[in-house]
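**Q** Next comes the sequence, and after it the predicted model I'd like to discuss.
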Amino acid sequence: MKSNVLEAKTRDRSNDKETIKLFWRATMRYKRNVAISALLVTANVILLTVVAPLFVGKTLAALAIPDGEPLRYFVLFIGAALLGIVFNRIGHPYAMAHQAIVARDLTERALTSLLRRSVGFHNDRVGGKLVSDVLDFTAAYLQMASAVFIDALPLATTLLIGSAIIYVESVPLGLFITIMTVTIIGLGIRTSIQMRPRRYRRLEAGKKMTAHLADTITNVQTVKTFGAEDRELREHQKLGQIFADIRVEDWSLISRRGNNRMLILVIFQALFVLITIWLVRHDPALLGVGIFAFTFTITLSNRLFTVNQLIRIIEESLLQASPMTAVISDQPEITDKPGASELRIQGGQVELQNVSFRYHDADRNNYVFTNLNLTIKPGERVGLVGPSGGGKSTLTRLLLRFDDVTDGAILIDGQNIADVTQTSLRQHIAYVPQEPLLFHRSIKENIAYGKPGASPAEIKEAARLAHADEFINKLKDGYDTIVGERGVKLSGGQRQRVAIARAILKNAPILILDEATSALDSESEVLIQEALWELMKGRTAIVIAHRLSTIQKMDRIVVLSEGKIVEEGSHKQLLRKKGLYAKLWSHQSGGFIEE
Ligand code: ADP
């Protein structure tokens, strides 16, 4: 708890300026809408809180004068009030519509930034938390925009115009209003500063609770497998209780301050009445402005007390928007060089030249590869094998440019992959991961993802070649079956075959395949093998091979151990060598190489 407060007090405010800049730019893309809504909303507030009360004062004052025209002022009062209502009727929806459009743009901006971030960035984060960061970012904008445009701006304008009118008629009354304004705003700012650490603490507690919720729900299968529902619920209760305690304390504080506020208001009102009586005694002509000033004071003081709420809303919004602002303003890990060209494929030769690599979060000297060299000829099928942790997956990540090499270069048909656009690079590579994840969409859409706009016949043909057609046809909704989040409604083997069909449809010249290590029934095994061979036809293929049947048929096997190529050659050559490969092979079990 204590550390929470500390954390909260020293919160990083460096993103605030950036958030304001982002929100401001997004708002100002629609200058005309901003001008119209600001004008309408402000006019509405001025008419209702300045002009209408002014005419009420004049109406009453006219009663006291022999040839005063109370009716005229009364009509003017009604007119101003009605016009105010009309402006309100038009202005608010207009302002809201503008804010909705800006919020839409900001969500788009957030998604664009998230899509630009590297796979590594996303692997380091909980997906659900990022989703809530995007929603928070937009919600923060909406709160801030409404605080500024609907509350602060009209309040400031009203204050200026109202006070000016009063000053013109009576300086003492004007002074009184100024003193009252300064006092109440001062108190508001003080309260807001006092509440700041509590506020951060509450937001911090809320954030922890949300992160736990997102983590639990994302991993619901693991929770259930371990029968840990109660454990997670208890953890949630603990976090939820901290949050609730802070809220209860805050509310009691707020209600105490509410009482103080009423007291201050009554004091000001009493003082005001006394001053007005004294002034009107000396100059009866001041009755009108006195009455106006009184109504004005009451509405104004009530609104002024919301200043600390405004500050609170703005601070909370800035805090809420901060994680997404960081994502938007940080440079993505992997970027296209300015003027990067498109990758042009001739035969699909892949070359690693003196490649060194270490993960950005690894120790300085903890290199996965140092000066690794490897050339894969066009159309060659290379199997990567070796003990776990040897660098096989890292190598495939580098080829796809999910990470950049620390040193050296990877060339495809003579072009450095760091010099071409990421999109063109990945367009020419079909990647089938070990555990393919599918979209929560229909099988048809999942397969067609490899070729947008593919015809039903093409989709079916790809599925047939991948041996997926058989099982898809048995599903109740066939190709229209929705596969569940990440494809959970399909078996591992079925998911793989859908992923293979997708890769076949993509028809890329280079194939990177991480074979599944999970055991499949022998029928699926045979079908997947056939599908893989179909997929490899005529392509340069790099396969992290776990299955004996796949390995034997490879043109070349590269044995990677601790980031180094320790052996390479055909299956037979390597067996004869009696080295690491022969050892791995002799440990084979159930059709798999034991890593
Ligand atoms: P393999 O696929 O052969 O099992 P990997 O390429 O997964 O091997 O791992 C190679 C080395 O890189 C291992 O020491 C592993 O701990 C490390 N490594 C893998 N992924 C990351 C990561 N995201 N961050 C830091 N180190 C990693």
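**A** Everything's here; your move. Computed from a predicted model, the values in this text were never measured in an experiment.
**Q** From now on I want contacts and neighbour counts done on CA atoms only, so please keep to that.
**A** Will do.
**Q** Correct me if wrong: residue 60 contacts residue 288.
**A** Yes: with contacts counted by Cα atoms under 8 Å, residue 60 reaches residue 288, the gap being 6.8 Å.
**Q** Enumerate every residue touching residue 431.
**A** 503, 511-513 (Cα atoms under 8 Å, 6 or more residues apart in numbering).
**Q** which one among these gets closest to the ligand?
**A** The closest of the contacts of residue 431 to the ligand turns out to be residue 513 (Cα to the nearest ligand atom; 11.9 Å).
**Q** what's near enough to touch the closest one?
**A** For residue 513, the contact set (Cα under 8 Å, 6+ apart) comprises 431-434, 541-544.
**Q** May I have the strands that pair with the helix or strand harbouring it, each with its orientation?
**A** Element membership for residue 513, per DSSP states H and E: strand 510-514. Partner strands and pairing direction for strand 510-514 (DSSP bridges) are strand 429-432 (parallel), strand 540-544 (parallel).
**Q** re the thing from before, top of the contacts of residue 513 by number of neighbours, please.
**A** With neighbours defined as other Cα atoms under 10 Å, the most crowded of the contacts of residue 513 is residue 541; it has 29 neighbours.
**Q** and that residue, bridged to which residues?
**A** Beta bridges link residue 541 to residue 381, residue 511, judged by DSSP bridges.
**Q** so how far is stretch 440-456 off the chain centroid?
**A** Distance, stretch centre to chain centre, for stretch 440-456: 26 Å (Cα atoms, centre = their mean, to the nearest Å).
**Q** Look up which helix or strand the most centrally placed residue in the chain falls in, please.
**A** Closest to where the C-alpha atoms of the chain average out (Cα atoms, centre = their mean) is residue 134, at 2.9 Å. Assigned by DSSP H and E, residue 134 falls within helix 127-145.
**Q** and the next element down the chain from that helix?
**A** As assigned by DSSP H and E, the chain's next helix or strand after helix 127-145 is helix 153-169.
**Q** which helices and strands does that next one pack with?
**A** Contacts defined by 3 or more Cα pairs under 8 Å, 6 or more residues apart in numbering; DSSP states H and E place helix 153-169 against helix 31-46, helix 171-218, helix 287-304.
**Q** Pull out the buried positions in the helix or strand immediately after the strand holding residue 513 in the chain.
**A** Using DSSP H and E, the helix or strand that directly follows strand 510-514 along the chain is helix 522-536. For helix 522-536, the neighbour count (16 or more other Cα atoms under 10 Å) marks 524-525, 527-532, 535-536 as buried.
**Q** pLDDT value on residue 559, please?
**A** In this model, residue 559 is scored at 91, pLDDT.
**Q** partners of the one helix or strand it maps to, with directions?
**A** Per DSSP H and E, residue 559 falls inside strand 556-561. With DSSP bridges as the criterion, the sheet partners recorded for strand 556-561 are strand 381-385 (parallel), strand 564-569 (antiparallel).
**Q** So which of the ones you listed has the densest surroundings on average?
**A** strand 381-385 (a mean of 26; mean count of other Cα atoms under 10 Å).
**Q** can that one be found next to the ligand?
**A** No: judged by Cα under 6 Å from any ligand atom, strand 381-385 stays clear of the ligand, getting no closer than 7.7 Å.
**Q** Count the residues that sit near the nearest residue to residue 84 once chain neighbours are set aside.
**A** With Cα to Cα, 6 or more residues apart in numbering as the criterion, residue 84 has its nearest non-adjacent residue at 4.4 Å, and that residue is residue 44. When neighbours are counted by other Cα under 10 Å, residue 44 registers 27.
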